[in-house]
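Participant: From the sequence below, what's the structure:
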Amino acid sequence: MDLFDNRKLLKFLMLILIGITFVSLFLILLKPIEDLDFFWHLATGRWIVEHKALLSHDPFNYTTPAFSTPMEYFILTSYWLSQIFYYGIYHLSGWNGFILLRVIVTGIIIYFLYKRGKDSDKTILIGIITVTIVVFSQIYYFERPQVFSFLSFAILLYLLDEMKRNSGAEDRFIVGQMVILIYLLSEGFKFLYPSLNPMKKSSYLKFFIAGMAGILTALINPAGYNVIVETVHLSKYAHVEIIDIQSTVTIFKAFYKYYIPVYWLLLLTAMASLLYRIVKKRFDIKDVFMIAGLGYFSFTQLRHTAFFLIWAAPFISLSWSTVSRARINYIKIFCSLFSPLIIIALTIGGEEFSNIRNITGIKTGRWISSYFPEDAVRF
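Facilitator: Predicted structure coming up:
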């Protein structure tokens, strides 16, 4: 029997991959709470609930005057909903609630990645998603409001794809609007070239109305259109030593983070997948825009990397699943063997095994990093 067409072997390798991924994510999600900004967000949520108003200045820093610039207003009023949500979690379940939140968010993102790639080969899809979600989990703190932008982005992409299929925050805020515009413009562009298989005009009209409604309603927030203005202005802070706005190259040189080369590998794989689709004339114009935009921004600023990963995983698996049967078996074995090795390397390189000692936090409810004096962050 051909080794590369052995279903029992592939099933066995998939079970090993899923097991390794589960262990890796379990260890990553056991990390202590160590984000510096989290406690400010939590305290701000409590302040908003108690005062029934949004911040007009930073109440926890007596040397900070009332805000006077759009950027300060933008920062103080952009996270109010997640801050209230965080305070609600703490009020109801203490620190354990945030560990549960990590699990829920991770599970939902995996679900929508799988749903978007459901038409691809399941072995390839699972191999790509498992690597992607481990990289994602190592890059970002789950206790920051940005995680809700990533979650919303995964759902948004699924809904946009389903609308097409059925027809026939900060800078994270603007990414969603740009993606909706890309979908709208790329589908509209197809009408100029009928060979690109545009959707029916009546379907596109509904698609356009729904997309524009999403963009306009997103402007209903305390900062209004200034969200977009201040997002553009964020580029002038690129020289500041804040990890989120540094390029992946700079971060790798400074910290040797193991997940950066894996992100680069996924980026190159997505680019190769698009090139393959173009050669085979099976590409969608929106995919060109998506990889150009998300690829560039994720490479130049770490804060955008999650958006690329969430978009790219199903795209790569769907692309690889279109190759000939003779080649797809090699790809399936490759994913089954290579993906576990990457995840093991990420787990070891990220020193995630040391997190196992934090499992006692489930009983004690103590999840604050030893970096902080815990009594100082108790309410």
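
Participant: L55: what secondary structure?
Facilitator: Under DSSP: H, G, I helix; E, B strand; the rest coil, the three-state class of L55 is coil.

Participant: how much space between it and F38?
Facilitator: As judged by CB to CB, to the nearest Å, L55 and F38 stand 17 Å apart. In this view, the C-beta of every residue, glycine as well, is placed from N, C-alpha and C.

Participant: Between those two, tell me which one has more neighbours.
Facilitator: Between L55 and F38, counted using other CB atoms under 10 Å, L55 has the larger neighbour count: 22 against 19.

Participant: My guess is that one contacts T77. True?
Facilitator: Yes. L55 lies in contact with T77 (CB atoms under 8 Å); the separation is 6.6 Å.

Participant: Backbone dihedrals for the residue lying closest to Y371 once chain neighbours are set aside, please?
Facilitator: In space, and not counting its chain neighbours, Y371 is closest to E34: 5.9 Å by CB to CB, 6 or more residues apart in numbering. Per-residue torsions, E34: phi -140, psi 10 (degrees, to the nearest 10).

Participant: do the same with I368
Facilitator: Phi and psi for I368, reported as degrees, to the nearest 10, are phi -80, psi 130.

Participant: Which strands or helices does the lengthiest helix in the chain pack on?
Facilitator: Using DSSP state H to define each element, the chain has its longest helix at helix 325-349. Helices and strands touching helix 325-349, by 3 or more CB pairs under 8 Å, 6 or more residues apart in numbering; DSSP states H and E, are helix 7-29, helix 122-139, helix 259-279.

Participant: residues of the second one that come out buried?
Facilitator: Buried residues in helix 122-139, counting neighbours by 16 or more other CB atoms under 10 Å, are found at 123-139.

Participant: now it, how far from the chain's geometric center?
Facilitator: From the chain centre to the centre of helix 122-139 is a distance of 12 Å (CA atoms, centre = their mean, to the nearest Å).

Participant: Same check on the longest one?
Facilitator: How far helix 7-29 lies from its chain's middle: 21 Å, per CA atoms, centre = their mean.

Participant: Does anything pack onto the host helix or strand of L151? Which helices or strands?
Facilitator: Assigned by DSSP states H and E, L151 belongs to helix 146-167. Contact here means 3+ CB pairs under 8 Å, 6+ apart; on that basis helix 146-167 packs against helix 96-116, helix 171-189, helix 201-217, helix 305-320.

Participant: Next one, pLDDT for I343 please.
Facilitator: I343 carries a pLDDT score of 94 in this model.

Participant: That one contacts I133, doesn't it?
Facilitator: No. In this structure, I343 is not within contact of I133 by CB under 8 Å, at 9.5 Å.

Participant: who touches both of these two?
Facilitator: Shared contacts of I343 and I133, defined by CB atoms under 8 Å, 6 or more residues apart in numbering, comprise T21.

Participant: before we move on, back to that, adding distance to S152, write the helices and strands packed on helix 325-349 out as CSV.
Facilitator: Shown next, in CSV, are the helices and strands packed on helix 325-349 (distance: least, CB to CB, whole Å):
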stretch, distance to S152
helix 7-29, 20
helix 122-139, 15
helix 259-279, 21
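
Participant: need the least confident one among those helices, by mean pLDDT.
Facilitator: Mean pLDDT, when computed for each of the helices and strands packed on helix 325-349, is lowest for helix 7-29, at a mean of 89.

Participant: between it and helix 325-349, how many degrees?
Facilitator: Between helix 7-29 and helix 325-349, the angle comes out at 30 degrees (axes from the mean of the first three to the mean of the last three CA atoms, to 10 degrees).

Participant: how close does the residue nearest to the spatial centre of the chain sit to V134?
Facilitator: Nearest to the geometric centre of the chain sits A306, at 3.4 Å (CA atoms, centre = their mean). The gap separating A306 from V134 is 13 Å, by CB to CB.

Participant: pLDDT (mean, whole number) over the helix holding L151?
Facilitator: Helix 146-167 comes out with an average pLDDT of 82.

Participant: Can you give me the buried ones in it?
Facilitator: Residues of helix 146-167 classed as buried by neighbour count (16+ other CB under 10 Å): 146-151, 153-158, 160, 163-164.

Participant: Pick the one among those residues closest to F60.
Facilitator: Relative to F60, the closest of these is Q146; by CB to CB it sits at 20.6 Å.

Participant: Give me the pLDDT for I48.
Facilitator: 93.

Participant: tally of neighbours for it?
Facilitator: By other CB under 10 Å, 18 other residues sit near I48.

Participant: right, and it touches S82 too?
Facilitator: No. With contact defined as CB under 8 Å, I48 does not count as touching S82 (10.9 Å).

Participant: So, low pLDDT: which residues of the stretch 51-200 of the chain?
Facilitator: Residues of the stretch 51-200 of the chain meeting the criterion pLDDT under 70: 62-71, 164-178, 196.

Participant: if we can go back for a sec, what's the most buried one of the helices and strands packed on helix 325-349?
Facilitator: Ranked by mean neighbour count, the helices and strands packed on helix 325-349 are led by helix 122-139 with a mean of 24 (mean count of other CB atoms under 10 Å).

Participant: Packing partners of that helix?
Facilitator: helix 7-29, helix 96-116, helix 259-279, helix 305-320, helix 325-349.

Participant: Name the residues that touch the last one?
Facilitator: Residues outside helix 325-349 that contact it (CB under 8 Å, 6+ apart) are 2-5, 10, 13-14, 16-17, 20-21, 23-24, 27-28, 121, 123-124, 126-128, 130-131, 134-135, 138, 258-259, 262, 320-321, 323, 352-353.
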